[in-house]
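A.B. asks: Here's a sequence, model it:
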Amino acid sequence: MSKYAKILFVFAKRFSEIIDFAILGALVIVASFVFVLFGYDIYKVLFNIIPFEEGIVALLGSLLMLWAVAELMNEEIKHFKGAGFAITVFVSIALAAMIRKLLIASLSESGEKKAMELAAYIFVVLVLGIVYWLIKKNKQQEI
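C.D. replies: Numbering: from 1, shown residues only. Next comes the predicted model:
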């Protein structure tokens, strides 16, 4: 490499590390806020501020967000230690979010439009499940 290419490479590597630290710091802040949201959702359910069914769905949503942030933080920490990009985490988060969306949609009113919406969510969950399975199967074959 030329002298300028080495300088650019070192700069890019350090800048990338700064970005990774910023992402990890942002995830810590988001996790704190989501943890507070989870506690607030528990408060709303315990003191009947919202109906119980709505509260359970809100709790599941907050818990899902907390889980997603924790997974992303764990993957970012692994990335700092030299691990590669983990696409399975993003697919699993998308899968969990779509399952939550499907649960919420199934609790709302019925109708032809709602049936089409549920069918679309089921299709997306199926596709994400297949993608997740294929990625996991491919990783197992590499090992």
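
A.B. asks: ok, and what's touching the least confident helix or strand in the chain by mean pLDDT?
C.D. replies: Every helix and strand of the chain was ranked by mean pLDDT, DSSP states H and E. The lowest is helix 87-107, at a mean of 83. With contacts defined as C-beta atoms under 8 Å, 6 or more residues apart in numbering, helix 87-107 is touched by 53, 57, 60-61, 64, 67-68, 71-72, 75, 114, 117-118, 121-122, 124-125, 128-129, 131-132, 135-136, 139. Using the backbone N, CA and C atoms, a C-beta is placed for each residue, glycine as well.

A.B. asks: ok, of the residues you listed, which come out buried?
C.D. replies: 57, 60-61, 64, 68, 71-72, 75, 117-118, 121, 124-125, 128, 132 (16 or more other C-beta atoms under 10 Å).

A.B. asks: Just the ones of those in helices?
C.D. replies: 57, 60-61, 64, 68, 71-72, 75, 117-118, 121, 124-125, 128, 132 (DSSP state H).
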